[in-house]
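**Student:** sequence and predicted model, in that order:
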Amino acid sequence: VRVPAPAPARIIEPRVPVVQPLTESQREALRASPFAALGLDERIVRAFVEEGYEEPTPIQRAVIEPALDERDVLACAQTGTGKTAGFVAPILQNLISEERGREIRALILAPTRELAAQIGERIQVYGAHLRIRHVVIYGGVGQHQQEIALRSGPEILVATPGRLLDLMNQRLVDLSGLRHFVLDEADRMLDMGFIHDVRRVIAALPRDRQTMLFSATIPPSVATLAQGMLFDPVRVSITPAVTTAVGVTQSVLFVSRDRKRAALEELLLRDRSIAQAIVFTRTKHGANRLAEQLSRAGIGALAIHGNKSQGARVRALGSFRDGSTRVLVATDLAARGIDVDGLSHVINYELPNVPESYVHRIGRTGRAGADGIAISFCDEGERDLLADIERFIRRRIPRLEPSAPARATSPVGPR
Ligand code: AMP
């Protein structure tokens, strides 16, 4: 299990990599890789191979070539599909071949700090053999460090909309040299009420640029936004019904509301195959309370949600990633962008109100072909939510026997 380092507390500093030369036979192997066939530069292919990627995922297959050609892209794809590499790799490559200057040439907007930090980490990984600087900025922390980082002349800026606008209004960010723009998780961005900020940012960008929009779903609000900002885009859709089926074994346990917590404790205490789990609640308050209750029952748990300070979130995520905390109790928003390699279990302590969130939640496990288990508790008041989810994913989730919640292992095939 590869556990990535926790996100830095404040900012990802630009770092100039040390590039090791390759032997001729290594170069040949890179040239033969399916990533090279998509037109990717050897140095980026090398980073992918070093990450253990063997083949492009479907979204990468669909997006990389047109994105290298600087086409606009409208992609319906959720986290877990490999979309980040789909837009980061072509941007890196186009930046290598474009003229150099100390100006921001690519902007990636993300709805949450976690997602922004994670995209920054991916840029670091995929750009390991390139000399391209990036900076990540987000709200909730002081802006001083970010100002300093911006002065170092990054070519790529990853940002959440609010903080970006703040810095733009203070004239600390100049986007006049921008060539590539990505709006990631556009649906969530609009759900979180960022539409006006996003529109203001877009209005300040040069018109002559490439734009790529990624969204897990394309509701009318996203379609309208896309229409106004994309020119003749390549359209790609990676449907949730396919992605939820891959690698994640899903099940539902019917349990009454007043038995729920006991059932969760029982499951976690009895089933030692659950090395670590993300447990989802609907509310921040519920997440705090549940984390405390689990801790009292001897199950190491921490809560992560939007009301926690950035420091507390980074610490919780760090101790989950390094294995010192067994359970992370999260709300939907906080969990967006949390990427823990090798996470085996997702438990829905409460079902989400929006069926799409179910897909996002279980997408925390079984990432990129790994196996994962998703167990959903459903109480008497949540039957309608379950029906909505099953309609959305177009499959029936198998029911677990109440007496044997630990045996959640029968694979789910497509209906
Ligand atoms: P994303 O959807 O961009 O959040 O990526 C989901 C996960 O898939 C991340 O952990 C990536 O490291 C991983 N990943 C991306 N592309 C590939 C690939 N071609 N092969 C294997 N894993 C990948």
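**Tutor:** Done, it's in.
**Student:** the helix or strand that contains residue 317 near the ligand at all?
**Tutor:** In the assignment (DSSP states H and E), residue 317 maps to helix 310-321. No. Helix 310-321 stays out of contact with the ligand when judged by CB under 6 Å from any ligand atom, the minimum separation being 12.6 Å. (C-beta placed from N, C-alpha, C; glycine too.)
**Student:** show me where the stretch 201-350 of the chain has strands.
**Tutor:** Counting by DSSP state E, counting those that start in this stretch, the stretch 201-350 of the chain has strands at residues 210-215, 234-237, 248-254, 277-280, 301-304, 327-330, 345-348.
**Student:** which residues does the first one contact?
**Tutor:** Yep, that's strand 210-215 we're talking about. 63, 67, 70-77, 83, 86-87, 94, 179-187, 222, 225-226, 229-231, 233 (CB atoms under 8 Å, 6 or more residues apart in numbering).
**Student:** and for the last one?
**Tutor:** Contacts to strand 345-348, defined as CB under 8 Å, 6+ apart, come from residues 264, 267, 274-280, 358, 361-362, 364-365, 372-377.
**Student:** does the next helix or strand after that strand reach the ligand?
**Tutor:** Counting by DSSP H and E, the element after strand 345-348 in chain order, helix or strand, is helix 355-362. No. Applying CB under 6 Å from any ligand atom, one finds helix 355-362 out of contact with the ligand, separated by at least 10.9 Å.
**Student:** ditto for stretch 37-57
**Tutor:** Yes. Applying CB under 6 Å from any ligand atom, one finds stretch 37-57 in contact with the ligand at 53, 55-57.
**Student:** filter these to the buried ones?
**Tutor:** 53, 56-57 (16 or more other CB atoms under 10 Å).
**Student:** from the residues you listed, which has minimum pLDDT?
**Tutor:** Within those, residue 53 has the lowest pLDDT, namely 86.
**Student:** assess the claim that it and residue 33 are in contact.
**Tutor:** No. Here residue 53 does not reach residue 33: they are 9.0 Å apart, not a contact under CB atoms under 8 Å.
**Student:** how about the closest residue to the ligand within the stretch 101-250 of the chain: what's its closest non-neighbour residue?
**Tutor:** Ranking the residues of the stretch 101-250 of the chain by distance to the ligand (CB to the nearest ligand atom) places residue 122 first, at 6.8 Å. Distances taken as CB to CB, 6 or more residues apart in numbering put residue 84 closest to residue 122, at 4.8 Å, once the chain neighbours are dropped.
**Student:** quickly find the element holding that neighbour.
**Tutor:** Going by DSSP H and E, residue 84 is in helix 83-97.
**Student:** which secondary structure elements does whichever helix or strand comes after that helix contact?
**Tutor:** Following the chain from helix 83-97 toward its C-terminal end, the next helix or strand by DSSP H and E is strand 106-109. Applying 3 or more CB pairs under 8 Å, 6 or more residues apart in numbering; DSSP states H and E, one finds that strand 106-109 contacts helix 83-97, strand 156-159, helix 161-169, strand 180-183, helix 195-203.
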